[in-house]
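Enquirer: pasting the sequence and the predicted model now:
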Amino acid sequence: PVLTLVETPLLGTRYFLKAAEDKDLALIALIFLSPVFLVISILIKLDSPGPVFFRQDRTGWNGQKFKIWKFRSMVVHESEDGRVKQAEKGDARITRSGAFLRKTSLDELPQIFNVLAGDMSLVGPRPHAVQHDEEYSQRIADYFARHNIKPGMTGLAQVRGYRGETKEISQMMHRIEADIEYINNWSVSLDLIIMLRTVTALTGKMAY
């Protein structure tokens, strides 16, 4: 069992505080990271044929669908029977540049565009593939409570190490518990703490 949340905590002034935090910091980050975007784009194009960016449907606040932006880290391929297969350790689909991008979480940087567009926040529950939302919502109580706030580029679950492949249902349950804890305790200071911890938390053995 996990904690149940009835409604979003982002009402009134709290909503505008988080929106200002997202837009201001995302714009500053985009300006400073633009040279990094250029270098990564060149590496991806030199490494394998295909687009620089990967886009996929995700579920956002209140169940609204949006297209997430990521740097492409795999060879262009067709999904197996229409199903989204999670990346695995040693996955043959991952390119050489993609392995580095995933290890350092640099493949997630283009989600700054999602933040500026209002689809995502800098901090919040990580958005899962729509297929995985459908699957886990049938197996985990209150799974969809995580959609009572905008999804984030990073979150409480990620800085606690709950990221990467989820072979066991318990691994996903830990994520959901952390996501709902974050929603129930949201504050600007909590967001800033999570962003600072993200620098070291989003690399390591679970990043592949």
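Expert: That came through, no problem. Bear in mind that the values here come from a model prediction, so they are computed numbers and not experimental data.
Enquirer: switch to C-alpha atoms for all contacts and neighbour counts from now on
Expert: Fine.
Enquirer: so how far is A117 from the residue positioned nearest the centre of the chain?
Expert: Central residue of the chain (C-alpha atoms, centre = their mean): R126, 3.8 Å from the mean position. In this view, R126 and A117 are 17 Å apart by C-alpha to C-alpha, to the nearest Å.
Enquirer: pLDDT below threshold where in this structure?
Expert: Scanning the chain for pLDDT under 70 picks out 1-7, 77-90, 164, 201-208.
Enquirer: the same query, at a cut-off of 80, please.
Expert: 1-9, 77-92, 163-167, 200-208 (pLDDT under 80).
Enquirer: got the residue ranges for the strands in it?
Expert: 53-59, 65-71, 121-123, 152-154 (DSSP state E).
Enquirer: just name the most buried of these.
Expert: strand 121-123 (a mean of 27; mean count of other C-alpha atoms under 10 Å).
Enquirer: chain center to it: distance?
Expert: Offset of strand 121-123 from its chain centre (C-alpha atoms, centre = their mean, to the nearest Å): 9 Å.
Enquirer: counting by contacts, list what it packs against.
Expert: Applying 3 or more C-alpha pairs under 8 Å, 6 or more residues apart in numbering; DSSP states H and E, one finds that strand 121-123 contacts helix 13-47, helix 111-117, strand 152-154, helix 188-201.
Enquirer: and G60, which of those is closest to it?
Expert: strand 152-154 (9.4 Å; C-alpha to C-alpha).
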